[in-house]
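>>> Dropping a prediction and its sequence here:
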Amino acid sequence: MAVITFLSDFGYTDHYVAAVKAKILSNNPEATIVDISHAIDPFNIAQAEYVLGSVYNDFPEGSVHLAAISTHGSKNGKYHAAKYKGHYFLMADNGLLSLLTDGQPDIVIELQNDTPLMAFPAKDLLAPVAAYLAKGGDIEILGERTYQFRQLLNRQLRLNDHYITGHVIHVDRYGNLITNITRDSIETIAHGRTYTIHFGRETISRIYPTYTQVDDGDCCCAYNSQDQLCIGINQGHAAELLGLGFDSQVDVRFYPGS
């Protein structure tokens, strides 16, 4: 029996999360449902992509990931089941699938749907499909294969021999700024050279193992568990104190010599 993960922008004050889980369990009483988060900002596809993309691969292959983000965000009323890297994904045709897979899922099925304008598609359509796939159901019988799904593009790094330009792609609950600059991109271009990291009015010349390696209130850079460059303030909220947020520019500049 495969695990079902559940990500949504439903919040925690209404009955929506419980209603979806109830539908899954009605179809598959033995289902194991793992909540990833229900605090995604309403309709925030980029935030959903970061959160789900950071964790789905930690689950066993065959896991089913129900992503109820902006489930009415598709005017065409389309919903998809997809397979990518051994995992199943269920979501509206709102661009999230293209971001998670860089536009290259292995299989995309347009879910057969006799009621395109549903009041609660996460419950009425996606939940039963999640229960079915978790029991080992065949994705191919859920509808027709398609190559047409909404395309969105992830922010791309700009790189040359002397600098990297990236952007903040997520601000976490602690105010840490996660960028799309990776450890690999820095080490590949550095070739042992010194470098400085620039954001807002700040310049940092060292990447620490953790934020706690600097004094309380000091700003520093560190890599997270996905090897992404992050900006934080020890015991402080970096986004608020630095005046930075989603899409803020971050530069790494490299210097001759070592």
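That came in fine, so what should we check first?
>>> what pLDDT does K75 get?
Listed pLDDT for K75 reads 63.
>>> Parallel or antiparallel, list what pairs with the longest strand belonging to the chain.
With DSSP state E setting the assignment, residue counts place strand 163-171 as the longest strand in the chain. As defined by DSSP bridges, the strand partners of strand 163-171 come to strand 158-159 (antiparallel), strand 177-182 (antiparallel), strand 249-254 (antiparallel).
>>> can you give me the helices in the chain?
Under the criterion DSSP state H, the chain carries helices at the ranges 16-27, 45-55, 96-101, 121, 127-134, 183-190, 238-242.
>>> Can you lay out these as JSON lines showing mean pLDDT, distance to I141 and mean neighbour count?
C-beta: built from backbone N, CA, C; applies to glycine. Putting those into JSON lines (pLDDT from 0 to 100; distance: least, Cβ to Cβ, whole Å; neighbours: other Cβ atoms under 10 Å) gives the following:
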{"stretch": "helix 16-27", "mean pLDDT": "97", "distance to I141": "16", "mean neighbour count": "17"}
{"stretch": "helix 45-55", "mean pLDDT": "95", "distance to I141": "25", "mean neighbour count": "21"}
{"stretch": "helix 96-101", "mean pLDDT": "94", "distance to I141": "20", "mean neighbour count": "22"}
{"stretch": "helix 121", "mean pLDDT": "93", "distance to I141": "20", "mean neighbour count": "22"}
{"stretch": "helix 127-134", "mean pLDDT": "97", "distance to I141": "9", "mean neighbour count": "23"}
{"stretch": "helix 183-190", "mean pLDDT": "94", "distance to I141": "40", "mean neighbour count": "14"}
{"stretch": "helix 238-242", "mean pLDDT": "95", "distance to I141": "46", "mean neighbour count": "19"}
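>>> can you tell me which of those comes nearest to M1?
M1 sits nearest to helix 127-134 of all the helices of the chain, at 6.1 Å, using Cβ to Cβ.
>>> tell me the contacts of the nearest residue to E140 once chain neighbours are set aside?
Distances taken as Cβ to Cβ, 6 or more residues apart in numbering place I109 nearest to E140, at 7.0 Å, with adjacent residues excluded. By Cβ atoms under 8 Å, 6 or more residues apart in numbering, I109 lies in contact with 80-82, 139-140, 142-146.
>>> Among the residues you listed, which lie within strands?
Under the assignment DSSP E, those contribute 80-82, 143-145 to strands.
>>> ok, of these, which come out buried?
80-82, 143 (16 or more other Cβ atoms under 10 Å).
>>> wait, which of the residues you listed is closest to I204?
A82 (39.0 Å).
>>> Let me know the distance separating the closest one from S26.
Plainly put, A82 is 24 Å away from S26 if you go by Cβ to Cβ, to the nearest Å.
>>> S248 - how many residues pack around it?
By other Cβ atoms under 10 Å, 19 other residues sit near S248.
>>> and what of R253?
R253 sits with 14 neighbouring residues when counted by other Cβ under 10 Å.
>>> How about Y174?
Per other Cβ under 10 Å, the neighbour tally for Y174 reads 13.
>>> pretty sure it contacts H237?
Yes - using Cβ atoms under 8 Å, Y174 is in contact with H237, at 7.0 Å.
>>> possible to save the ones in strands among the contacts of I109 as JSON lines with pLDDT?
What follows is the ones in strands among the contacts of I109, written out as JSON lines (pLDDT from 0 to 100):
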{"residue": "H80", "pLDDT": "95"}
{"residue": "A81", "pLDDT": "97"}
{"residue": "A82", "pLDDT": "97"}
{"residue": "G143", "pLDDT": "94"}
{"residue": "E144", "pLDDT": "94"}
{"residue": "R145", "pLDDT": "96"}
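>>> Dump those to JSON lines, plus distance to F6.
Shown next, in JSON lines, are the ones in strands among the contacts of I109 (distance: Cβ to Cβ, whole Å):
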{"residue": "H80", "distance to F6": "17"}
{"residue": "A81", "distance to F6": "15"}
{"residue": "A82", "distance to F6": "16"}
{"residue": "G143", "distance to F6": "21"}
{"residue": "E144", "distance to F6": "26"}
{"residue": "R145", "distance to F6": "25"}
